[in-house]
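Trainee: one predicted model, sequence on top.
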Amino acid sequence: MELRVAVEPMAARLAARRATPQQRAELRRLAEEMGELGRRGLAADDAYLQADIAFHELLLTASGNPLLATLRVPVREVLAGRTRLGLHPPVPAPGTLEDHLRLALDIAAGDADAAERQSRSHLLGVLGELAPRPAPPVG
């Protein structure tokens, strides 16, 4: 996740500048699909995972940077591993479903600053969900 926080906001910034019209439309479609699945309580479902993976892989590809695009494999593994380990909540945290759509819309609008901010905010929120919580004091 730390790798994602470091690189995906830059990929979002670049995608806002470089994504093709087809990539922009597909990012929005995937975000809408995730939103619909999440609202139906299927955020831990395989269809949601596949849409989430496709969204983030496309984000990296749409950056137009071949090195960023190679990070699709580790990002896929992080997302799949989160689900495999039961770390993906069945009901997304408030705002999470909207995060992907806001990001897709920022990219579609060509707003590089907003896309970078939205990506970073989303990923830091996810990282916060995964961060180990201190155990309550005993006794």
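Mentor: Arrived safely, thanks for sending. Residues are numbered from 1 along each chain as shown.
Trainee: just give the closest residue to Val5, not the sequence neighbours.
Mentor: Leaving aside its chain neighbours, Val5 sits nearest to Leu123 (4.7 Å; criterion: C-beta to C-beta, 6 or more residues apart in numbering). For the C-beta atoms, the positions are set from N, CA and C on the backbone; glycine is no exception.
Trainee: packing partners of the host helix or strand of that neighbour?
Mentor: If you go by DSSP states H and E, Leu123 is part of helix 112-130. Secondary-structure packing of helix 112-130 (3 or more C-beta pairs under 8 Å, 6 or more residues apart in numbering; DSSP states H and E): helix 2-18, helix 96-108.
Trainee: and the shortest one with helix 112-130, angle?
Mentor: Going back to what we said before, that points to helix 96-108. Angle, helix 96-108 to helix 112-130, by axes from the mean of the first three to the mean of the last three C-alpha atoms, to 10 degrees: 160 degrees.
Trainee: switch to numbering from 48
Mentor: Sure, I'll start numbering at 48, so the last one becomes helix 143-155.
Trainee: what angle separates helix 143-155 from helix 49-65?
Mentor: 40 degrees.
Trainee: mind exporting helix 143-155 as CSV, just the C-alpha atoms?
Mentor: Provided in CSV are the C-alpha atoms of helix 143-155 (Å, rounded to 0.1, in the frame of the first residue of the first chain):
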residue,chain,number,x,y,z
THR,A,143,-14.9,5.0,-0.6
LEU,A,144,-17.5,4.3,-3.2
GLU,A,145,-17.5,7.9,-4.3
ASP,A,146,-13.7,8.1,-4.3
HIS,A,147,-13.2,6.2,-7.5
LEU,A,148,-16.0,8.1,-9.3
ARG,A,149,-14.6,11.5,-8.2
LEU,A,150,-11.1,10.4,-9.4
ALA,A,151,-12.5,9.2,-12.8
LEU,A,152,-14.4,12.6,-13.2
ASP,A,153,-11.3,14.6,-12.3
ILE,A,154,-9.3,12.7,-14.9
ALA,A,155,-12.1,13.1,-17.5
